[in-house]
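A.B. asks: Pasting the sequence and the predicted model now:
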Amino acid sequence: MRFTARVLLVASLFAACAANAQDTVAPPPALTLENVPAVPAELAQKLKAYNNFRPHGLFSWHPVKREMLVSRRLTGTNQVHRVADPGATPEPLTDFQDVVNDALYPPAGGDYFVFMRAEGGNEVFRYFRYDVATKAVNAITPEGQRADNGAFNRAGDRFVYTTTAVDKNTTDRVARMSVHIVDPAKPETDRVVARLEGAGWSDFHFSEDGRRLVFAEFKSVTDASLWVMDVKTGKSRRITRQPAKQTVAYGNPWFSRDGKWIFATSDRDSEFARVVMVPVGGGKERVLTARLSYDVELIEPSFDANRLAFITNEKGSSVLRFIDLKTLKELPRPPLVSGVITHVLWRPRSDELAFTIRSARSAGDVFSYNVKTNQLTRWTNGNNPELNTADFVEPRVVTWKSFDGLEISGFHYQPPARFTGKRPVIINIHGGPEAQARPGFLARNNYFVNELGVAIIYPNVRGSMGFGKTFITLDNGRKREDSVKDIGALLDWIKAQPDLDADRVMVMGGSYGGYMTLACAVHYDDRLAGSIDIVGISNFVTFLEHTETYRRDLRRVEYGDERDPEMRAFLESIAPLNHADRITKPLFVVQGKNDPRVPYTEAEQIVASLKKRNATVWFMMAADEGHGFAKKPNQDYLFYAMVEFARQTLLK
């Protein structure tokens, strides 16, 4: 009887365990979890609809047919899809475990396209050729080298790309970039035409005759120059000079049809980037958008349509505009819905421009606009039919004065009116730091607003883009913590609002926003319910010593050079890691093991420090991710955990 009783007891325990297993969601195998509680299956079911958006992004027009390649999630990651007609079901062409980051047809033919992919989030990208007829995939760039900056010549028989060595262990080595020319249909034709010192070279484009390249040298967000290279000899010369009393940021360079001018963006003698024409042979540049007091974010000329398309950033929203290349005058802008446009591309030998746009009520879709007929065409639909995105909250711009009187702004998403009383708040801080919170799609975060009644504020602290080049420098060097004080002023603003609960505030952010999150957890511990740090910097010194070589010098310009003793001492003095004893509220740390930008050690060291103090810290590490989570199973489980963290801290 005793034996039978023991058997029955063991059986009942196994049954209980099985029942409990069915009541929770198993984490993906790549995740390592510490102190993260099991996710109830009931919670996952509630979040399901918010996890099933399939945003689309424009990749490339077909060179002959009126069809396109787009980015869309296939199963776990974004892959290349073909859209044969507007509204047609996207046809998957690639199926890899890792994200495909770009895809581009040559301007002629259409027998193949080139796409870009890395492994496990390590950002060591390679270009591959996809043959349309056979679906065969072949690498066209070297293994182990980080490839980037791919672009075709107009004839479609030459492809320029760059490679950079990957080595995060050498702190003093100067990064160098090799410039390659290859016919993707014949990979054996690959040749290195030039080697450039530094890692800030970008925006390569051929001249119309294919004999020259124009490109930009990026030293910082406020200091960038334009260069021209002879493709045959590899010899380069800089065609812009920095003035004595200011720095100028050039970008988006394109040759004019005759090759005598460069269309580009420039903030010379202006707070904002404008469309300019730079003479290749020397002389004064010509400003084409002098009347606009907004940043021009990107430009795309078409000599077939005789138009130059450009996007302005107007209080965070994107505006599509055009310039007539004959008169060089701006044309009336098309009436589009408010949103954020991230990519524009002309269809070869046509008057049609495609672009990606997303907004608070659109996950992200591809449209086209015909400049002759003024016809707007929708090509994709990324919204989830289980949810009515028309009911999603539109943000409002809010402003507050910081410690020094500087006005700071942000986007405020307030829960629906059915949620009464003062609402808890999530402050979500963007990365960069040279980035900007925009009124785009909240995706999963709509669940916080719509279902949990949590207000979300996306601040644009000093150092953010879109507010002029003076504003973007206000957090540089020893002014780093002034941006943290901007969040302190936001906490004061929240306290003064009748519909927000200053006693229930959580801060979160990724990358540089992760540093800001940790710094706020240190400085405003008594004013926060908890914090979520995603791939964040816990110590600028250790970050700079271990980030990839090709990024290090560019980051030193922004944060300071840790090799200088005085700057090193300052960076150590502001490191959240060195003040972890002041963090008493719960902290959730999230990291990708293969992150080349913010090494995983930044997460491990802050977690270890807090564990020594018996502080409440959740930790999630993904072995197959890099700078953020790109695979849907990992993204889903992270969001489950984030909601559970909010329920236990912010909403209790």
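C.D. replies: Structure's in. What do you need?

A.B. asks: make it CA atoms for all contacts and neighbour counts henceforth
C.D. replies: Noted.

A.B. asks: Please enumerate the strands of the stretch 251-400 of the chain.
C.D. replies: Ranges of strands within the stretch 251-400 of the chain are 261-266, 274-279, 286-287, 295-302, 307-314, 317-324, 330-331, 340-346, 352-359, 362-370, 375-378, 396-401, based on DSSP state E, counting those that start in this stretch.

A.B. asks: So which of these is nearest Gly626?
C.D. replies: Set against Gly626 and scored by CA to CA, the strands of the stretch 251-400 of the chain come closest in strand 340-346, at 22.2 Å.

A.B. asks: Distance of the nearest residue to Thr616 once chain neighbours are set aside relative to Ala622?
C.D. replies: Distances taken as CA to CA, 6 or more residues apart in numbering place Pro586 nearest to Thr616, at 4.8 Å, with adjacent residues excluded. Distance, Pro586 to Ala622, by CA to CA, to the nearest Å: 21 Å.

A.B. asks: Check Ala30 too.
C.D. replies: According to CA to CA, Ala30 stands 5 Å off from Ala622.

A.B. asks: so what's the residue nearest to Thr616 scoring on pLDDT?
C.D. replies: As predicted, Pro586 sits at a pLDDT of 98.

A.B. asks: Could you report the neighbour count for it?
C.D. replies: For Pro586, the tally of surrounding residues (other CA atoms under 10 Å) stands at 20.

A.B. asks: Hmm, Glu548 is touching Pro596, no?
C.D. replies: Yes. Between Glu548 and Pro596 there is a contact under CA atoms under 8 Å: 5.7 Å.

A.B. asks: before we move on, what SS does the closest residue to Asp561 other than its chain neighbours have?
C.D. replies: In space, and not counting its chain neighbours, Asp561 is closest to Met567: 6.4 Å by CA to CA, 6+ apart. Here Met567 is helix, with the state taken from DSSP: H, G, I helix; E, B strand; the rest coil.

A.B. asks: ok, now how distant is Met567 from Met516?
C.D. replies: Met567 is 19 Å from Met516, by CA to CA.

A.B. asks: higher neighbour count, these two?
C.D. replies: Met516 (30 against 17).

A.B. asks: any idea which helix or strand carries the nearest residue in space to that one that is not next to it in sequence?
C.D. replies: Excluding its sequence neighbours, the residue lying closest to Met516 (CA to CA, 6+ apart) is Val484, at 6.4 Å. Taking DSSP states H and E as the criterion, Val484 maps to helix 480-495.

A.B. asks: Of all the residues in that helix, which ones are buried?
C.D. replies: Using 16 or more other CA atoms under 10 Å as the test for burial, helix 480-495 gives 480, 482-494.

A.B. asks: Let me know the average pLDDT across stretch 373-393.
C.D. replies: Rounded mean pLDDT across stretch 373-393 is 91.

A.B. asks: Show me which positions of it end up buried.
C.D. replies: Those would be Leu376, Trp379, Thr380, Asn381, Gly382, Asn383, Asn384, Thr389, Phe392, Val393, for stretch 373-393 by 16+ other CA under 10 Å.

A.B. asks: hmm, who's touching that stretch?
C.D. replies: Applying CA atoms under 8 Å, 6 or more residues apart in numbering, the contact partners of stretch 373-393 are 49-50, 52-56, 83, 85-88, 334, 360-370, 413-416, 446, 449-450.

A.B. asks: how long is that stretch end to end?
C.D. replies: End-to-end span of stretch 373-393 (CA to CA): 33 Å.

A.B. asks: just stretch 290-305 next, same as before
C.D. replies: Termini of stretch 290-305 sit 23 Å apart (CA to CA).

A.B. asks: Would you convert the strands of the stretch 251-400 of the chain into a markdown table that also reports distance to Glu208?
C.D. replies: Formatted as a markdown table, the strands of the stretch 251-400 of the chain follow (distance: least, CA to CA, whole Å):
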| stretch | distance to Glu208 |
| --- | --- |
| strand 261-266 | 12 |
| strand 274-279 | 16 |
| strand 286-287 | 21 |
| strand 295-302 | 11 |
| strand 307-314 | 15 |
| strand 317-324 | 18 |
| strand 330-331 | 23 |
| strand 340-346 | 15 |
| strand 352-359 | 19 |
| strand 362-370 | 23 |
| strand 375-378 | 28 |
| strand 396-401 | 43 |
